[in-house]
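> no FASTA, just this:
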């Protein structure tokens, strides 16, 4: 039987992808919310003033070559397009490797030494594969599995080859939404600084369209420039407000094309995310500018 045209297959996916599912704080490891989180500069809960533009993102995806899946998660809402579709992680798994390493008994209860930092810093900020292999050999698949279980991932599978770890967009947003909560407190600032410090040459996709006023933490993966895959998983933070987004793509044809796909999807999903810019003065009066609607990793 011939395959149904993609434009016809998208309808049921839209229905599923646009469903706004209320979720509790992502899992037991995430912080509990005692009071409603009000977005700084806006004074309202994030989900009251913004939602991801799923229709625009899915419509754009329909024009692109490749196998695409993505998900968006806040503390109370989840949105997904093929969110449980499995794909190889490539270097996206390096964020999990870092967290697993920092949770090892011999690392979590002491200060990090130069050897630790010489492994972890380039593994994250430059996506160094040699350091990732050392970390992977050190912690093993069991540490990744234990972390996935702690996070509550439901479609995660390890491999003897770390780049072939199987991940989904839903699981990765669950992890990134409160990734700091899975890191020992004494190492938290260091680890988050790495995710915020991706080198300029690898800050494509979300790095080009991240909304102003939000702190950006992310990790990406790509297939050695072949176009086999291009992924990014992101945490955006403004005060107490958080948004995690995972965009996974495979069979892009070229790395440049995959980067453009990432940029296009992130730009559409995050459109209108409130920046809460301060009011400007005009003729002696305060003028309320309102929320700007301008939205605007690796191997």
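Good, I have the coordinates. Predicted model only: the values in this text are computed from it and were never measured.
> Could you report the neighbour count for residue 224?
12 (other Cβ atoms under 10 Å). For the C-beta atoms, the positions are set from N, CA and C on the backbone; glycine is no exception.
> Distance of it relative to residue 231?
13 Å (Cβ to Cβ, to the nearest Å).
> which residues in the stretch 151-299 of the chain form strands?
166-167, 215-222, 229-238, 241-250, 280-282, 285-287 (DSSP state E, counting those that start in this stretch).
> Among these, which comes closest to residue 195?
strand 215-222 (3.8 Å; Cβ to Cβ).
> what packs against that closest one?
For strand 215-222, the elements it packs on are helix 93-102, helix 185-196, helix 206-209, strand 229-238, helix 255-269, judged by 3 or more Cβ pairs under 8 Å, 6 or more residues apart in numbering; DSSP states H and E.
> switch to 6 Å and redo it
Helices and strands touching strand 215-222, by 3 or more Cβ pairs under 6 Å, 6 or more residues apart in numbering; DSSP states H and E, are strand 229-238.
> ok, for residue 223, nearest residue in space, not its chain neighbours?
residue 229 (4.8 Å; Cβ to Cβ, 6 or more residues apart in numbering).
> mind listing what that neighbour touches?
Neighbouring residues of residue 229 by Cβ atoms under 6 Å, 6 or more residues apart in numbering: 90, 223, 250.
> Could you point out which of those is nearest to residue 175?
Closest approach to residue 175 among the contacts of residue 229 (Cβ to Cβ): residue 90, at 15.7 Å.
> With the flanking residues excluded, which residue is spatially nearest to that closest one?
Residue 90 sits nearest to residue 221 (Cβ to Cβ, 6+ apart), 3.0 Å away.
> All the helices of this structure, residue numbers only.
6-17, 46-49, 54-61, 93-102, 105-108, 114-125, 129-151, 169-177, 185-196, 206-209, 255-269 (DSSP state H).
> can you list those in JSON lines and add distance to residue 163 and mean neighbour count?
Shown next, in JSON lines, are these (distance: least, Cβ to Cβ, whole Å; neighbours: other Cβ atoms under 10 Å):
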{"stretch": "helix 6-17", "distance to residue 163": "27", "mean neighbour count": "12"}
{"stretch": "helix 46-49", "distance to residue 163": "34", "mean neighbour count": "17"}
{"stretch": "helix 54-61", "distance to residue 163": "24", "mean neighbour count": "18"}
{"stretch": "helix 93-102", "distance to residue 163": "7", "mean neighbour count": "26"}
{"stretch": "helix 105-108", "distance to residue 163": "23", "mean neighbour count": "12"}
{"stretch": "helix 114-125", "distance to residue 163": "13", "mean neighbour count": "18"}
{"stretch": "helix 129-151", "distance to residue 163": "8", "mean neighbour count": "17"}
{"stretch": "helix 169-177", "distance to residue 163": "15", "mean neighbour count": "27"}
{"stretch": "helix 185-196", "distance to residue 163": "19", "mean neighbour count": "16"}
{"stretch": "helix 206-209", "distance to residue 163": "21", "mean neighbour count": "20"}
{"stretch": "helix 255-269", "distance to residue 163": "15", "mean neighbour count": "21"}
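> still on that earlier bit, of the strands of the stretch 151-299 of the chain, which is nearest residue 36?
strand 241-250 (10.6 Å).
> for the closest one, packing partners?
Strand 241-250 packs on strand 67-73, helix 169-177, strand 229-238, helix 255-269, going by 3+ Cβ pairs under 6 Å, 6+ apart.
> Tell me where this structure is predicted with low confidence.
Flagging of the chain using pLDDT under 70 yields the residue ranges 1-34, 276-299.
> let's go with 50 and repeat that
When residues are selected by pLDDT under 50, those of the chain lie in 1-33, 279-299.
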